[in-house]
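Colleague: Sharing a model that was predicted from the sequence below.
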Amino acid sequence: MAVTSTKGLKVWLEKAGVTPTSVVPTAISKAKPAEITGPTAGLADTEICEVTGTDYPEIDNKLFVLDGITTGGGAGVATSFTLLGSNTTASAATTIGGTPAIKVYAQANIYHIACSINFYSWCASNSGCR
């Protein structure tokens with residue numbers, strides 16, 4: 001699993017033998033960040049999730065951090081959450097695809113490695129180089 005940010009590269013590795021929590025979304029908002037609706041228990045802010053099969057190209061096959069989990073429908077049952085860094089405002093998708101899935105990885109079950117990437121420029125002539 002890997003995530004690229006605008007400020008560098010972040011790599012997420014899951015521990016061997018870990019089974020993520022599966023969430024089947026029932027709705028996805030066109031928003032920045034996207035809000036996902038789908039009853040499930042046991043989610044927590046800052047957990048990492050992988051989105052697949054939603055037919056929203058802006059979020060499919062990408063990783064996000066969960067945030068803003070709301071509860072309802074009974075004690076401890078999550079009814080919605082946002083995907084930090086997502087943007088579905090201009091999505092052409094109007095409904096969720098046939099096999100949507102969100103795999104949620106608890107923080108205790110992943111390793112986080114952060115790398116900084118610097119870009120350098122060079123100039124082949126002595127005139128006009130800065």
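Modeller: Great, that's in hand. Numbering: from 1, shown residues only.
Colleague: In the protein, where is pLDDT below threshold?
Modeller: 1-13, 39-41, 73-78, 111-130 (pLDDT under 70).
Colleague: remind me, longest strand of it?
Modeller: The longest strand of the chain (DSSP state E) is strand 62-71.
Colleague: can I have that one written out in CSV, keeping just the CAs?
Modeller: Taking Å, rounded to 0.1, in the frame of the first residue of the first chain, the C-alpha atoms of strand 62-71 are listed here in CSV:
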residue,chain,number,x,y,z
LYS,A,62,-6.5,5.1,-3.4
LEU,A,63,-5.8,5.4,0.3
PHE,A,64,-7.2,7.9,2.7
VAL,A,65,-7.3,8.8,6.4
LEU,A,66,-10.7,8.6,8.1
ASP,A,67,-12.0,11.7,9.9
GLY,A,68,-15.2,13.1,11.2
ILE,A,69,-16.8,9.8,12.2
THR,A,70,-20.4,10.3,13.2
THR,A,71,-22.5,7.8,15.2
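Colleague: ok, the next helix or strand after that strand: who's next to it in the sheet?
Modeller: Note on strand 62-71: by DSSP states H and E, the next helix or strand toward the C-terminus is strand 77-84. Each strand paired with strand 77-84, and its direction, by DSSP bridges: strand 35-41 (antiparallel), strand 62-71 (antiparallel).
Colleague: Give me the angle between the very next helix or strand once past strand 77-84 and strand 62-71.
Modeller: Of the helices and strands lying after strand 77-84 in sequence (DSSP H and E), the nearest is strand 101-105. Counting by axes from the mean of the first three to the mean of the last three CA atoms, to 10 degrees, strand 101-105 points 80 degrees away from the direction of strand 62-71.
Colleague: what sits opposite the nearest residue to I59 once chain neighbours are set aside in the beta ladder?
Modeller: Distance criterion CB to CB, 6 or more residues apart in numbering; nearest residue to I59, sequence neighbours excluded, is V51 at 4.7 Å. Where you see a C-beta, it was placed from the backbone N, CA and C, and this is true even at glycine. Bridge pairing for V51 (DSSP bridges) gives the partners K62, I102.
Colleague: G97 versus the closest residue to D45 other than its chain neighbours, what's the distance?
Modeller: Nearest residue to D45 in three dimensions, chain neighbours excluded: D67, at 5.3 Å (CB to CB, 6+ apart). To G97, D67 is 23 Å away according to CB to CB, to the nearest Å.
Colleague: Brilliant, that's me finished.
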